[in-house]
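Sequence first, predicted model second:
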Amino acid sequence: MKESVEHIFQDLNMKIARLKILGEELRGDAPSQITDSKEKFQVVKPPFDQVQKKLRHYRHVRLVSESLYRALESSCHDHEKHSALVRLQPHLPISIGTNPYIEFKLRFSEYRRQAQSPKALGNASWLSLHTSRNEFSLGTGFNNLSMRKKFCKLVKSHNQETAEDPELCLGYIESDKISKYVVLFDDAYLTFGRSEPRSLVNLMEDVFSGPMVDSMPYERVGLAKQLASAMLQFQQTPLLRPDWNSEDILFFGKPHDRFQAREMFQGPHLDVCITRTNDDASGTRDSIADSGVGFIMHRWTFALAVMLIEIAHQKPITSLVSTYYLMSEDEQRWLAADTLCNDLARKLGSRYQAVVRKCLDKCLSENGNSGVEKHEAFIYVYVINELEQLKVWMINNDDE
Ligand SMILES: [Zn+2]
């Protein structure tokens, strides 16, 4: 046993050494210089209590969102799969009276692959779902939408298009007897209605190829922070695949000019596929179990690093690197990320580069299934909080 572990470590160390050499060859002799950034910074470590409070909060969101997923997967038996585009936000608990609740906003529909037809979009509903753990707070005569397993039909029968009340309360769904979620129409329908979502990768390819190149640094750092926060809210739950990527991040609206593009950037959604399962051995669980196998130990963090690099370069990573033969896909992607990371100070400053470097280091050393708390604290302190500090710095140094 001990020998096999040692063998794995030796093998890993050799791989890392090989990647480092290849990386240095690729970027030439000179090590990267972070001298072109006028920004000087030191990592700001938040107080211990604040970190603990945030970690409790992320844990709570994970519990609630997983339970919401279970409620949604079992509420409709007409469709095998559903698509939920979950709006990314801090998901702070809101207190009304003595009952704090968490609200999720999402566009829900029967699952369709990309390029949804206008008819399919007509079947999508914009919903707001919030927790309600207390039967009493629901009042009497409240409609249990889970009961007849016809969630889609019931929601559709209220017809969001013609509803007098844009925030009509439809009833509740439940995943077990304790966790209930109140379902309301969401007024995002009035703004986005049937508009088609565009993925982050699509935005980078189309919108940023023209005059908007190197634009909106503040919004891009904000998006990076939101993605890091989403990772802590959803990792290890069925909402977030370990290999999540910029195809999974969707935006609504039309980015015809800079003003509209700014608005759009502030409303990212996560594409979640909800698959109905009949027993506990679901595919999602298998993929989580597999996520720590191989060269990259924490896949969610690696995926985050790749997206942060793409946001800085405003290009999909696949368009920035060539293929190296005789290497595994993981090795190629890691090498590409490692090489591109050295160029980030020029794009979004040295603090941003340091954040991405931390993610790249961390994804090699930490397993997704162990040391969860340590990993979360690390991401909160060195990624989320640092990106927030960078946003503050950008506002203070805005010359426009
Ligand atoms: Zn359905």
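Yes, it's here.

From here on, just use CA atoms for contacts and neighbour counts.
Fine.

need the strands for the stretch 1-150 of the chain, in chain order.
81-87, 94-96, 99-101, 103-110, 125-132 (DSSP state E, counting those that start in this stretch).

Next, the buried residues of the first one.
For strand 81-87, burial by neighbour count (16 or more other C-alpha atoms under 10 Å) applies to 81-87.

same for the ion: which of those are within range?
When C-alpha under 5 Å from the ion is taken as the criterion, no member of those contacts the ion.

give me phi/psi at residue 269?
phi -120, psi 150 (degrees, to the nearest 10).

give me the number of residues near it?
25 (other C-alpha atoms under 10 Å).

How about the contacts made by residue 197?
Residue 197 sits next to 250-253 when contact means C-alpha atoms under 8 Å, 6 or more residues apart in numbering.

which parts of stretch 320-338 are buried?
Buried-residue list, stretch 320-338, by 16+ other C-alpha under 10 Å: 331-338.

To clarify, my last question referred to stretch 379-397.
So, applying 16+ other C-alpha under 10 Å, buried residues of stretch 379-397: 379-388, 390-391, 394.

hang on, residue 337 packs against residue 306?
Yes - look at residue 337 against residue 306 with C-alpha atoms under 8 Å: they come within range, at 6.3 Å.

still on that earlier bit, could the strands of the stretch 1-150 of the chain be laid out in TSV, adding mean pLDDT and distance to residue 73?
Listed next are the strands of the stretch 1-150 of the chain as TSV, based on pLDDT from 0 to 100; distance: least, C-alpha to C-alpha, whole Å:
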stretch	mean pLDDT	distance to residue 73
strand 81-87	95	8
strand 94-96	73	25
strand 99-101	74	21
strand 103-110	95	11
strand 125-132	92	14
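
Quick one: low-confidence residue ranges for the stretch 151-300 of the chain.
By pLDDT under 70, the low-scoring segments of the stretch 151-300 of the chain are 208-214, 278-293.

Check it for the residue nearest the ion and tell me.
residue 152 (4.4 Å; C-alpha to the ion).

close enough to count as contact, that residue and residue 73?
No - contact criterion C-alpha under 8 Å: residue 152 and residue 73 do not qualify, at 11.3 Å.

Kindly state the beta-bridge partners for the nearest residue to residue 186 once chain neighbours are set aside.
Leaving aside its chain neighbours, residue 186 sits nearest to residue 127 (4.7 Å; criterion: C-alpha to C-alpha, 6 or more residues apart in numbering). Legend: beta-bridge partners of residue 127 under DSSP bridges are residue 106, residue 185.

what's the burial count for residue 127?
26.

Next: residue 164.
Neighbour count of residue 164, defined by other C-alpha under 10 Å: 9.

Determine the three-state secondary structure at it.
Following DSSP: H, G, I helix; E, B strand; the rest coil, we place residue 164 in the coil state.

got a list of contacts for the helix or strand containing residue 263?
If you go by DSSP states H and E, residue 263 is part of helix 258-265. Residues from elsewhere that reach helix 258-265 (C-alpha under 8 Å, 6+ apart): 212, 216, 219-220, 223, 251-255.

List just the nearest of the buried residues of strand 81-87 to residue 355.
residue 87 (24.0 Å; C-alpha to C-alpha).
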